[in-house]
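[1] After the sequence you'll find the predicted model.
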Amino acid sequence: MKALNLYGIQDLRFEDSPKPVIQHEHDVIIKVKAAGICGSDLSRYQKLGPYVPGMTFGHEFSGEVVEIGAGVERFKPGDRVGACPAFVCGTCEPCKSGHPSQCIKLHVIGAKHPGAFAEYVKLPEDHLLHLPDEVDFETAALLEPSCVVAHGFYRANIQPGADIAIMGVGSIGLLAVQWAKIFGAKRVFAIDVDEQKLEIAKQLGADVLIHSSLQSPYDQLMEHTDGRGVDVAVESAGSPFTSAHVLSLPRKGGKVVFMGIPYADVKIERFYFEKIVRNELTIYGSWNAISAPFPGREWASTLYYMSTGQITAKPLISHRLELSQGPETFQKIANKEMPCVKVLFLP
């Protein structure tokens with residue numbers, strides 16, 4: 001089969017790879033229908049992270065079951081599926097205490113297990129979910145990133161009627177705009193430097209757009225909230241700049257949810273850091289997309305809201321490409337030569 005395999009920093013190759021085979025009774029082989037580029041993929045491509053040289057890349061995907069192990073009971077060939085790409089050990093203290101997202105050995109396919117930028121991928125049965133008829137393959141390819149957002153929102157226990165600011169409206173931020181509405185937000189503030197992404201945020205339900213390159217996001221938000229701030233501020237850009245500035249957005253006693261990963265040191269000026277203390281903020285770190293029982297309520301909830309149309313992926317999908325275009329696509333994105341939101345490969 002054809003696949004995109006990572007050999008080193010910015011060394012991604014489109015080549016022939018062995019097709020996965022059934023090895024255990026609960027194995028399921030899936031024909032990949034759509035697979036998305038995640039920000040973590042781009043980071044690993046540029047800087048590397050845990051990986052095995054030559055490993056098939058990618059973890060956000062949907063597809064069709066083509067072969068099952070002898071012990072598989074819930075799926076059959078022809079079934080349309082979404083997938084949780086994360087593996088946990090099940091034996092460490094966080095896993096045994098019901099917090100699999102904190103597993104000390106957590107990893108996703110595309111690093112130590114062959115990933116989804118391929119014609120076929122293999123996962124255990126308990127990682128798969130049946131797709132409702134209303135959810136197409138392209139939408140289901142965003143199942144995992146949507147669950148990442150849901151996980152953070154559940155952790156922060158967001159209440160109806162809240163004012164929520166989303167700092168950074170890339171694919172995670174745009175999904176966060178939709179989840180904010182699902183959680184009953186009174187107003188959603190979308191903050192970004194990209195006007196096109198802000199317009200998509202508006203289309204998806206954002207009530208107030210804040211272009212942060214024109215004026216301080218703090219100053220603009222305070223104007224809109226009469227100096228109060230928001231109940232919850234979500235950092236979804238994963239930049240050192242936004243990771244500091246987001247601390248200035250909540251009201252006294254408010255919450256901050258960090259979903260983005262800044263792949264650089266975060267230097268926080270006194271003005272922003274003091275907000276934690278003076279406003280008595282509650283800070284939530286949110287990692288991955290799973291909870292107990294595995295894979296967690298995030299997955300069932302996302303599929304439900306995708307089926308009702310309350311979570312839509314179409315406005316986020318900026319590119320639909322052949323798998324063979326993978327190496328040049330990653331190079332263009334890394335060199336900032338290809339403006340995009342969510343890029344899908346359609347093997």
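    Received the coordinates, thanks.
[2] Going toward the C-terminus from the longest helix belonging to the chain, what's the next helix or strand?
    Counting residues, the longest helix found in the chain (DSSP state H) is helix 143-156. Next along the chain after helix 143-156, taking DSSP states H and E as the criterion, comes strand 163-167.
[3] tell me, what residue is most central in the protein?
    Among the residues of the chain, the one closest to the centroid is Pro145, at 2.6 Å (C-alpha atoms, centre = their mean).
[4] which residues in this structure form helices?
    39-47, 93-96, 137-140, 143-156, 171-182, 195-203, 217-224, 240-245, 270-278, 297-308, 326-334.
[5] neighbours around Ile104, how many?
    Ile104 has 11 neighbours, counted by other C-beta atoms under 10 Å. The way it works is simple: take the backbone N, C-alpha and C, and place the C-beta from them, glycine included.
[6] actually Leu142, not the one I wrote
    Count around Leu142 with other C-beta under 10 Å applied: 28.
[7] same question, Val277
    Count around Val277 with other C-beta under 10 Å applied: 8.
[8] quick one on the thing from earlier: measure the residue nearest to the centre of the chain to Val108 for me?
    12 Å (C-beta to C-beta, to the nearest Å).
[9] try Asp136
    Relative to Val108, and taking C-beta to C-beta, Asp136 is found at 23 Å.
[10] Where does pLDDT dip in this protein?
    The chain contains no residues with pLDDT under 70.
[11] among the helices of the chain, which is the most enclosed?
    Counting by mean count of other C-beta atoms under 10 Å, helix 171-182 has the highest mean neighbour count of the helices of the chain, with a mean of 26.
[12] so how far is it off the chain centroid?
    Centroid displacement of helix 171-182 relative to its chain, using C-alpha atoms, centre = their mean, to the nearest Å, is 11 Å.
[13] Show me what that helix packs onto, helices and strands only.
    Helix 171-182 sits against helix 143-156, strand 163-167, strand 187-192, helix 195-203, strand 230-235, with contacts defined as 3 or more C-beta pairs under 8 Å, 6 or more residues apart in numbering; DSSP states H and E.
[14] Can you list the neighbours in contact with that helix?
    36, 39, 142, 145-146, 148-150, 152-153, 158, 164, 166-167, 169, 188, 190, 192, 197, 200-201, 204-206, 234, 236-237, 259-260, 305, 310-312, 315-316, 341-342 (C-beta atoms under 8 Å, 6 or more residues apart in numbering).
[15] What is the burial count for Glu64?
    Neighbours around Glu64, by other C-beta under 10 Å: 15.
[16] quick one: contacts for it?
    30-31, 33, 78-81.
[17] Looking at the helices and strands packed on helix 171-182, which is nearest to Gln215?
    strand 187-192 (11.2 Å; C-beta to C-beta).
[18] Check which helices and strands the closest one is in contact with.
    Secondary-structure packing of strand 187-192 (3+ C-beta pairs under 8 Å, 6+ apart): strand 163-167, helix 171-182, helix 195-203, strand 208-211, helix 217-224.
[19] and the angle for the second one with strand 163-167?
    Here helix 171-182 runs at 170 degrees with respect to strand 163-167, directions being taken by axes from the mean of the first three to the mean of the last three C-alpha atoms, to 10 degrees.
[20] For helix 171-182, C-alpha coordinates in CSV please.
    What follows is helix 171-182 as a C-alpha-only set of coordinates in CSV (Å, rounded to 0.1, in the frame of the first residue of the first chain):
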residue,chain,number,x,y,z
SER,A,171,-9.1,24.1,13.6
ILE,A,172,-9.1,23.5,17.4
GLY,A,173,-10.3,27.1,18.1
LEU,A,174,-13.1,26.8,15.5
LEU,A,175,-14.3,23.6,17.0
ALA,A,176,-14.1,25.3,20.4
VAL,A,177,-16.4,28.0,19.1
GLN,A,178,-19.0,25.4,18.3
TRP,A,179,-18.5,23.5,21.6
ALA,A,180,-19.0,26.8,23.5
LYS,A,181,-22.4,27.2,21.9
ILE,A,182,-23.2,23.6,22.8
